[in-house]
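Visitor: Structure for the following, please:
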Amino acid sequence: MPATPLIAYAHVGKSFDDGRVVAVDDVSLDVAEGEFLAVVGGSGSGKTTLLRLANRLIEADRGRIAVEGEDVSRIDPILLRRRIGYVFQSGGLFPHLSVAGNIGITPKLLGWPQAEISACGQRQRVGVARALAAKPRIVLMDEPFGALDPLTRDALGDDYRTLHRALGLTTIMITHDMTEALLLADRVAVMHRGRLLALGTAAELAASTDAYVGELLRTPRRQAERLGALLPRDATA
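Guide: All right, here's what the predicted structure looks like:
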């Protein structure tokens, strides 16, 4: 029998404004243990709502969400969140605490050199380290690198992917950047108007005939083509 997914959404729905705004519409999605899943989509697509339903920062109206085989509606929200690391865009640090205070039991920034990058990037490193301090199996990330400059963003993405593998994490990352999603994740879920429109590897999404998926892939493809034309080929290649 196939292994039970570490996170499972089954026909999940969530509405706001007395049902007039449907943020998540009948989404079913399994995330395997050890998987890195990126969720992409435009503003209002429901991707952040989908993420927050998993740790009950938002309560689902319909369907079932299971974490490690347990229905989250039957788990105390505080206890649930202690089992799940959570990182969001600003880093979410407490200004009155030191770096050590924010991280808690983690004795250092998981080996990350403190002087390597900008202060903003450092806050994100602390935010990630704090999320990992309790040694969760699952980490939820909501646009974790979105406010960073490109070099810092690329470095932190690589660092986190290395940690994901080394620590055996299961990660769901929300991003609006399709290039970031394709480079970091094992699979990419595409959300559009609350629905799960597509799900697959980079190669599987590239073969999709859906117009919206094609639109999302157009930018990384165009960037790759332009860079290929502008950058000289390595003479040793």
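Visitor: Need phi/psi at residue 41.
Guide: Dihedral pair for residue 41: phi 160, psi 160, per degrees, to the nearest 10.
Visitor: in the sheet, who's paired with the nearest residue to it once chain neighbours are set aside?
Guide: Once flanking residues are discounted, residue 41 sits nearest to residue 191: 3.6 Å by CB to CB, 6 or more residues apart in numbering. Placement of C-beta: from N, CA and C, glycine included. Residue 191 has the following beta-bridge partners by DSSP bridges: residue 196.
Visitor: where's residue 191 relative to residue 39, distance?
Guide: Taken as CB to CB, to the nearest Å, the spacing of residue 191 relative to residue 39 amounts to 6 Å.
Visitor: between those two, what contacts are shared?
Guide: Common neighbours of residue 191 and residue 39, using CB atoms under 8 Å, 6 or more residues apart in numbering, are 47, 50.
Visitor: What residues does residue 180 make contact with?
Guide: Residue 180 makes contact with 38, 145, 153, 157 under the criterion CB under 8 Å, 6+ apart.
Visitor: buried ones in the helix or strand where it lies?
Guide: Taking DSSP states H and E as the definition, one finds residue 180 inside helix 178-184. Within helix 178-184, the residues scored as buried using 16 or more other CB atoms under 10 Å are 178, 180, 181, 182, 184.
Visitor: Could you pull up the contacting residues of residue 9?
Guide: 27, 28, 29, 30, 50, 53, 54, 63, 64, 65.
Visitor: Leaving out sequence neighbours, find the closest residue to it.
Guide: Distances taken as CB to CB, 6+ apart place residue 29 nearest to residue 9, at 4.4 Å, with adjacent residues excluded.
Visitor: Relative to residue 158, how far out is the one you found?
Guide: 26 Å.
Visitor: who's more crowded, those two?
Guide: Between residue 29 and residue 158, counted using other CB atoms under 10 Å, the more crowded position is residue 29 (20 against 12).
Visitor: need the contact list for that one.
Guide: By CB under 8 Å, 6+ apart, the residues touching residue 29 are 7, 8, 9, 50, 189, 196, 199.
Visitor: Closest to residue 79 out of the buried residues of helix 178-184?
Guide: Among the buried residues of helix 178-184, residue 184 lies closest to residue 79 (CB to CB), at 29.3 Å.
Visitor: Against residue 42, how distant is the closest one?
Guide: 19 Å.
Visitor: which is the next helix or strand following the worst-scoring helix or strand of the chain on mean pLDDT?
Guide: One helix or strand of the chain scores below all others by mean pLDDT, DSSP states H and E: helix 99-103, with a mean of 45. Moving toward the C-terminus from helix 99-103, the next helix or strand (DSSP H and E) is helix 119-132.
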